[in-house]
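**Student:** Next one to model:
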Amino acid sequence: MYKIEDIINKVHCADCLELMKDIPDKSVDLVLTDPPYGVNLDYDIYQDTEENWFKLMEKIIPEVKRVAKMVIMPSCQIKRLKWIYNHFPPDWLICWIGIEISPEYCKIAKERLRQEVLF
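**Tutor:** Reported below is the predicted structural model:
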């Protein structure tokens, strides 16, 4: 296990999952991450499939929640929120509407057109 003083303010060339194993619990103030979306984007060394997205989340979310006092990460797709809630219930949720809307359309838009970020 690292002492936090030994790893802060340094660049680490490592797999984050491997590095996080040695970071003390709740020693990081904030983890802000934007993991792959699982929508078949073209990466050099990662297969961005929906199946791999679930596998990655099962590894990454417990570790970032363990090492960090707060985690911010996009949910990627609204259809996956139920899975996230069932496996890793968030402490906080922020929703925003990514378009300008008229007051008449506001209620429908709030229900259907939102992106969500987990904390």
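
**Student:** Tell me how far the nearest residue to residue 62 once chain neighbours are set aside lies from residue 73.
**Tutor:** Once flanking residues are discounted, residue 62 sits nearest to residue 88: 7.4 Å by Cβ to Cβ, 6 or more residues apart in numbering. Bear in mind the C-beta positions are built from the backbone N, C-alpha and C, glycine included. As judged by Cβ to Cβ, to the nearest Å, residue 88 and residue 73 stand 10 Å apart.

**Student:** Who has more neighbours out of those two?
**Tutor:** A direct count of neighbours by other Cβ atoms under 10 Å for residue 88 and residue 73 places residue 73 higher, at 19 against 16.

**Student:** If we go by neighbour counts, what in the helix or strand that contains the more buried one is buried?
**Tutor:** Taking DSSP states H and E as the definition, residue 73 sits inside strand 71-74. By 16 or more other Cβ atoms under 10 Å, the buried positions in strand 71-74 come out as 71-73.

**Student:** Output these as TSV; include the columns distance to residue 5.
**Tutor:** Shown next, in TSV, are these (distance: Cβ to Cβ, whole Å):
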residue	distance to residue 5
71	22
72	24
73	26
